[in-house]
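Student: give me a 3D structure for the following:
(one chain, ligands or ions: 1)
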Amino acid sequence: MEQYIIKGGISLNGEVEIGGAKNAALAILAAANMTNETVYIDNLPDVRDINALLEAMEGIGARIDRVDRHAVTVNGSSVENFIVETESMKKIRASYYLLGALLGKHKKAQVPLPGGCNIGSRPIDQHLKGFKAMGAKTRIEHGFIIAEAEELHGAHIFLDMVSVGATINIMMAAAMAEGNTIIENAAKEPHVVDVANFLNSMGARIKGAGTDVIRIMGVKVLHKTEYSIIPDQIEAGTFMFAAAVTGGDIVLRNVIPKHLEATSAKIMELGCQVHEYDDAVRVIAPQKLQGTHVKTMPYPGFPTDMQPQIAVSLAIAEGTSIVTESIFENRFRYVDELARMGASVKVEGNVAVISGVERFTGARVSAPDLRAGAALVIAGLAAEGITIVDDIYYIERGYENLDLKFRELGAKIEKVASEKEIQKFRLKVG
Ligand code: UD1
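Tutor: Numbering: from 1, shown residues only. You can find the predicted model right below:
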């Protein structure tokens, strides 16, 4: 089992290149199966979730060619099996995007019930409600969701809550349904817009993505395209908070500053300076951060995927801060781990009250999920002494070369796989 070992207390300095957005890429790869022509996609992150999805796509007959580490071609003309069975698919939530893609093109799909991070109950009723409104029959049998339609037709769908996954899934199926679909109360996240742009580049007719009403005119066929995935706002934000907690000064390259606005605003409330450029952002942190309050919200609000990272920053900020998690009910599982590093956090339901402490002290902790795992790494970067983060499997689901990128910013962090390597690191860093 691999771990990260970190000697904390070093200010991060320098430049870091942000990769493509995992959550956009998952949906775009699934949608690439909707044409018989070859689609080229680049700026893909090389992370476990993406590789698991590519494997599952090959499992249903798609032809995938790795052009290089961050680019693939996908040809879905040979997809003839609509049952997604790969074991790895149970581990990633985004298996459900093959449901919308296959249902749209083939009017039939069978996908394992999604797995992914244990951050709440994560139902998919809104996805199914959308498919049903378009004329599909759906059922759950033996751990699979099965959706089939004689004919898929447009529908007027009002989502009961803002759901990124349901918005994208319905948009994909509707892109090849007969007639017009309207999704009301749609999610506005940048990756919803990216998926719509991708589908439109294949000949779909989708308007309004990025607002809460999306209109889709179904088309009969989609065609080839070449597409570059947007930068990952969550990876970028993770580095911004890492700069904040270490009193650092870093420049993030390959970002869209607009997508980072909610994060930048909070980073400034913590007392950091944020300078925005065309496709870069610089964060300059003070020696001591200021506490503040934050509530997670759908975009353009503060993202739930950045909640553990800001909480870590607030845990060593001046004063008392309140963090309210309004999207997922089980997203404070890292708090006990952080307490081992000296943090003082009290959780009541979906609210965490954080009393800032002077400093963290290094400890052995476990990543409970993807983003919380990254947050514990950030805590380790700020902590006095050595921190070991176990279960980094979760972190590698969504971050490419996290240790390498931090090392390039001056951090002392390594991936290790044995006690011997841990001892070697301890001797090296002194
Ligand atoms: C996506 C992201 C995830 C992020 C989340 C919120 C991917 C692969 N994952 O997850 O990283 O944290 O958006 O920004 O893109 N809900 C229902 N019924 C449904 C669908 C959702 O009740 O049918 C609820 C969820 O339980 C949750 C809320 O709606 O409370 C938002 O979930 P949703 O936006 O769908 O999240 P995901 O698409 O799963």
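
Student: spell out which parts of the stretch 51-200 of the chain neighbour the ligand.
Tutor: Selection of the stretch 51-200 of the chain residues close to the ligand by CB under 6 Å from any ligand atom yields 93-94, 120, 122-127, 161, 163-166, 187. For every residue, glycine as well, the C-beta is placed using N, CA and C.

Student: from these, which ones fall inside helices?
Tutor: Judged by DSSP state H, helices contain the following of those: D125, Q126, H127, V164, G165, A166.

Student: ok, those residues vs K258, which is closest?
Tutor: Closest approach to K258 among those (CB to CB): V164, at 17.7 Å.

Student: quick check, that closest one in contact with V193.
Tutor: No: here V164 lies out of contact with V193, judged by CB atoms under 8 Å, at a distance of 11.2 Å.

Student: pLDDT weak spots in the stretch 1-150 of the chain?
Tutor: Counting by pLDDT under 70, the ranges of the stretch 1-150 of the chain that qualify are 86, 88-91, 93, 115-121.

Student: where exactly do the helices run in the stretch 251-400 of the chain?
Tutor: For the stretch 251-400 of the chain, the helices defined by DSSP state H, counting those that start in this stretch cover 261-269, 307-315, 335-339, 370-382, 393-396.

Student: closest to the ligand out of these?
Tutor: Closest approach to the ligand among the helices of the stretch 251-400 of the chain (CB to the nearest ligand atom): helix 370-382, 7.7 Å.

Student: give the rounded mean pLDDT of that closest one.
Tutor: Mean pLDDT, helix 370-382: 97.

Student: mind exporting it as PDB, just the C-alpha atoms?
Tutor: Extracted in PDB, the C-alpha atoms of helix 370-382 (Å, rounded to 0.1, in the frame of the first residue of the first chain):
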ATOM      1  CA  LEU A 370     -10.500  11.900  -2.700                       C
ATOM      2  CA  ARG A 371     -10.800  15.600  -1.700                       C
ATOM      3  CA  ALA A 372     -10.400  15.000   2.000                       C
ATOM      4  CA  GLY A 373      -7.200  13.000   1.200                       C
ATOM      5  CA  ALA A 374      -5.800  16.000  -0.700                       C
ATOM      6  CA  ALA A 375      -6.700  18.200   2.200                       C
ATOM      7  CA  LEU A 376      -4.800  16.000   4.600                       C
ATOM      8  CA  VAL A 377      -1.800  16.300   2.300                       C
ATOM      9  CA  ILE A 378      -2.100  20.100   2.500                       C
ATOM     10  CA  ALA A 379      -2.300  19.900   6.300                       C
ATOM     11  CA  GLY A 380       0.900  17.800   6.200                       C
ATOM     12  CA  LEU A 381       2.600  20.500   4.100                       C
ATOM     13  CA  ALA A 382       1.900  23.000   6.800                       C
END
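
Student: next one: it to chain centre, how far?
Tutor: 15 Å (CA atoms, centre = their mean, to the nearest Å).

Student: can you give me the angle it makes with helix 307-315?
Tutor: Counting by axes from the mean of the first three to the mean of the last three CA atoms, to 10 degrees, helix 370-382 lies at 30 degrees to helix 307-315.

Student: now do the helix or strand where A30 lies: which elements does it pack against?
Tutor: Using DSSP states H and E, A30 sits in helix 22-31. Where contact means 3 or more CB pairs under 8 Å, 6 or more residues apart in numbering; DSSP states H and E, helix 22-31 is packed against strand 38-42, helix 48-59, helix 97-106, helix 164-175, helix 190-201, helix 233-245.
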